[in-house]
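[1] here are the coordinates; sequence isn't available:
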């Protein structure tokens, strides 16, 4: 099969074995592949970077911004079992990737998707919907299953040889493992969901933000830490579970350039820190007292009562004396 030029492809690269094999299959045909990992509050590119380093592949990391958050909030094709809008998410990333074709002087797009592997987005209708809504339907190739899928331009124009692609289907991982051995790939991550949107506990917290009109980056950033409580319609509380949580929460506050958090600590008593978050300008004294009572409830070294320090975003510090309650009042407020 003769080609007039060396073609270039942009790859959706998660760092899993499937995306790695998709890259290798195209490189085997002389295609220059540029892996791209899209990072968001719900998905980290650490695994992709590690996989790339182990296999001498440079991974381009692109941070998804506010338009991605808006898509998660109101996906056209709905959610999966949890808060995972897989069809809209994949289409969104293909759209972003397609918009980068000119920047990298690339010709088409690839991914490690396998027909029938995931119930929401990787059945035939799901793959077609993803391709259609991306706006780049005719430029998408899925090397691991392309023999089972309609031909797109890269195949019709003979940029790549379809006969050298695969016909994988379903959730059986044995063919991928055998192919990895042929490529000399010995180290790769075990298949596991890296997306927080598929996690039931995280999804409940995210749905809480949606329900109470707090679906914004500054609230989402704190979703994966501590115990979280819904205090009222506009206010929630996060309590650190241990020292690691405390340190992580403090780092998040430092990074928050538009810090609007109220930080709670028991005065001169070691224990958790609390963060009060709201989309209102003012938090009522009643709500602040409730937050302080929950903080003291989880401060084991408090016996009867404690002064709670409240540091406001403008630097003002207030004290509030609260008694320790042991009646389980906080349980109904916990966002499980």
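    Nice, I can see it. Keep in mind that this is a model prediction, so the values were computed, not measured.
[2] from here on, contacts and neighbour counts on C-alpha atoms
    OK.
[3] what's residue 138 in contact with, if anything?
    Applying CA atoms under 8 Å, 6 or more residues apart in numbering to residue 138 gives the contacts 131, 152-153.
[4] you'd agree it is in a helix?
    Yes. Residue 138: assigned to a helix according to DSSP: H, G, I helix; E, B strand; the rest coil.
[5] Can you check the pLDDT for it?
    On the pLDDT scale, residue 138 is placed at 98.
[6] Equivalent analysis for residue 124, please.
    91.
[7] can you check residue 1 too?
    51.
[8] again with the one 3 residues further on
    At residue 4, the pLDDT value in this model is 56.
[9] and if you look at residue 190?
    Looking at residue 190, its pLDDT reads 71.
[10] That one: how many residues sit nearby?
    8 (other CA atoms under 10 Å).
[11] on that earlier part again, quick one: which of the contacts of residue 138 is the most crowded by neighbours?
    Within the contacts of residue 138, most neighbours by other CA under 10 Å means residue 131, with 22 neighbours.
[12] and the closest residue in space to residue 215 that isn't next to it in sequence, what does it touch?
    Closest residue to residue 215 apart from its sequence neighbours, by CA to CA, 6 or more residues apart in numbering: residue 209 at 5.0 Å. Residues counted as contacts of residue 209 (CA under 8 Å, 6+ apart) are 215, 219-220.
[13] Can you tell me which of those end up in helices?
    219-220 (DSSP state H).
[14] Mind putting the contacts of residue 209 into CSV with pLDDT?
    Below are those laid out as CSV (pLDDT from 0 to 100):
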residue, pLDDT
215, 96
219, 95
220, 95
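[15] Nearest to residue 42 among the contacts of residue 209?
    residue 220 (9.0 Å; CA to CA).
[16] What's the separation between that closest one and residue 118?
    26 Å (CA to CA, to the nearest Å).
[17] try residue 74
    21 Å.
[18] how about the helix or strand where the residue nearest to residue 215 lies: buried residues?
    Using DSSP states H and E, residue 209 sits within helix 200-211. Residues of helix 200-211 classed as buried by neighbour count (16 or more other CA atoms under 10 Å): 202-209.
[19] quick one: contacts for residue 184?
    By CA under 8 Å, 6+ apart, residue 184 has no neighbours at all.
[20] Helices of the stretch 201-336 of the chain, residue ranges please.
    For the stretch 201-336 of the chain, helices defined by DSSP state H, counting those that start in this stretch occupy the ranges 217-220, 243-255, 285-297.
[21] taking those helices together, which one is wrapped up most tightly?
    Mean neighbour count (mean count of other CA atoms under 10 Å) peaks for helix 285-297 among the helices of the stretch 201-336 of the chain, with a mean of 21.
[22] tell me the mean pLDDT for that helix?
    Mean pLDDT, computed over helix 285-297, is 97.
[23] helices or strands up against that helix?
    On a contact count with 3 or more CA pairs under 8 Å, 6 or more residues apart in numbering; DSSP states H and E, helix 285-297 meets strand 227-232, strand 262-266, strand 274-278, strand 305-311, strand 317-323.
[24] Show me the contact partners of stretch 13-25.
    Applying CA under 8 Å, 6+ apart, the contact partners of stretch 13-25 are 11-12, 33, 35-37, 45, 47-52, 59, 110-114, 142-144, 164-165, 176, 179-180, 183, 188-191.
[25] Could you rerun that using 6 Å?
    Stretch 13-25 is contacted from outside by 35-37, 47-48, 51, 111-112, 143, 189, using CA atoms under 6 Å, 6 or more residues apart in numbering.
[26] Which ones among those residues map onto helices?
    Counted as lying in helices by DSSP H, out of these, are 47-48, 51.
[27] Write a ChimeraX command that selects only the buried members of these.
    To isolate the buried ones among those in ChimeraX, judged by 16+ other CA under 10 Å, type:
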select :47,48,51
